[in-house]
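Asks: I'll drop the sequence and a predicted model, then ask my questions.
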Amino acid sequence: VVKRARTRVVAKMIPRNRAVVEDPRNHYEFNLELSPEAPAKSASQTAKSQRRRRNAERAGLEVPSASVRRTVSDHSEFPPPGQKVLIEVLAWPLSPGGSRAVLVEILGPSGDPDTETAAILAENDAPGPFPPEVVRDARHLERELTPQELAGRLDCTEDICCTIDPVDARDFDDALGLRVDDDGNYIVDVHIADVAQYVRAGNGLDAEARDRSTSIYLPERVIPMLPEEISNAICSLRPKEVRPAKTVRIKFTPDGDRVGYSIHRSVIKSRHRFA
């Protein structure tokens, strides 16, 4: 091995302050050292707190207060056996001084859904919070379309269209319209939120989105590609709100044969949110 692709791996605590990587191909064991820079909470604790806070806000209830913080640095003991942890490898097995790793983060008890979610994110090096400058840029975007921008778009605001998403969806990025023309053909409009109206090529938002490539959907949690100010607000195709879109207008015969299509920069107004 000339170079390791990664130095951070998920492992499970075993007796005598050791951790084992639960991979049948690489059943490595490491002697652990404590890290002075461990986070305030385990990842599963953080996920539970975020979910309680989010559910309370949705229900209009008082947001629960933060639980007592526990750090690795102010705790003299290692997590007990059975806890999943994220470790930074200092020396791999077969190294002259033996295997060594630093305890970076306590993920939580093995088998707990929040722990396993945190382990998936850690194992795949999922992105963390957006950089402050990216969040700042998102919050200062010009939301209203100028008359010149509106004039350059196909006006679909009087056409009937709707969104169809799960009940718990927070962003709506596609909408559908259907009508019959004078010749009896079906005209189907497929609208996609026009993110490029706000995320300009080459700026910080664009670079961050390219780096992330996609939003990551997990049970009870989403790691978004774009800040919420964009994905859940100004680009979300909310009912009764005018939004820029890219529209594909497709013509079908009554028998369902496609006979033509066109692509437009458009502006739409969804009539209803269906689930």
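Replies: Yes, it's here. Residues are numbered from 1 along each chain as shown.
Asks: any weak-confidence spans in the stretch 51-200 of the chain?
Replies: 51-76 (pLDDT under 70).
Asks: surely D125 touches R6?
Replies: Yes: counting by Cβ atoms under 8 Å, D125 touches R6, with 7.3 Å between them. Heads up, the C-betas are built off the backbone N, CA and C, glycines and all.
Asks: where along the stretch 151-275 of the chain do the strands fall?
Replies: Assigned by DSSP state E, counting those that start in this stretch, the stretch 151-275 of the chain shows strands spanning 154-155, 161-164, 174-180, 186-193, 216-218, 221-223, 242-252, 258-269, 272-274.
Asks: for the ones you listed, give me CSV that also has distance to V102.
Replies: Formatted as CSV, these follow (distance: least, Cβ to Cβ, whole Å):
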stretch, distance to V102
strand 154-155, 57
strand 161-164, 47
strand 174-180, 44
strand 186-193, 43
strand 216-218, 26
strand 221-223, 25
strand 242-252, 47
strand 258-269, 51
strand 272-274, 48
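Asks: so which of those gets nearest E88?
Replies: For E88, the closest of the strands of the stretch 151-275 of the chain is strand 221-223, at 21.3 Å, according to Cβ to Cβ.
Asks: quick one: distance of that closest one to the chain centre.
Replies: Here strand 221-223 is found 4 Å from its chain centre; the criterion is Cα atoms, centre = their mean, to the nearest Å.
Asks: for stretch 121-136, same thing?
Replies: Chain-centre distance of stretch 121-136: 9 Å, with Cα atoms, centre = their mean.
Asks: name whatever forms a beta bridge with the residue positioned nearest the centre of the chain.
Replies: Geometric centre of the chain, nearest residue: I223, 1.8 Å, by Cα atoms, centre = their mean. For I223, the beta-bridge partners under DSSP bridges are I216.
Asks: list the contacts for it?
Replies: Residues in contact with I223 (Cβ atoms under 8 Å, 6 or more residues apart in numbering) are 121, 126-127, 212, 215-216.
Asks: same question, T163
Replies: With contact set as Cβ under 8 Å, 6+ apart, T163 has these partners: 172, 174-176, 237, 239, 270, 272-274.
Asks: tell me the one of those residues nearest D257?
Replies: Minimum distance to D257 across the contacts of T163 is 19.4 Å, recorded for L176 (Cβ to Cβ).
Asks: burial of the closest one, as a residue count?
Replies: By other Cβ atoms under 10 Å, 15 other residues sit near L176.
Asks: sorry, back to before: just the buried ones from the contacts of T163?
Replies: Listed as buried from the contacts of T163 are 172, 175, 237, 270, 273; burial here means 16 or more other Cβ atoms under 10 Å.
Asks: for the residues you listed, which one is nearest I160?
Replies: When these are compared for distance to I160 (Cβ to Cβ), S270 comes out closest, at 9.4 Å.
Asks: SS state for the closest residue to E208 other than its chain neighbours?
Replies: Closest residue to E208 apart from its sequence neighbours, by Cβ to Cβ, 6 or more residues apart in numbering: V134 at 5.0 Å. Under DSSP: H, G, I helix; E, B strand; the rest coil, the three-state class of V134 is helix.
Asks: so the closest residue to A169 other than its chain neighbours versus K240, what's the distance?
Replies: Distances taken as Cβ to Cβ, 6+ apart place A275 nearest to A169, at 7.9 Å, with adjacent residues excluded. For A275, the distance to K240 equals 17 Å [Cβ to Cβ, to the nearest Å].
Asks: which residues are contacting stretch 191-211?
Replies: Taking Cβ under 8 Å, 6+ apart as the rule, stretch 191-211 contacts 127, 130-131, 133-134, 137-138, 141, 145, 149, 156, 161, 172-177, 225-227, 230, 234-237, 243-247, 265-266, 268.
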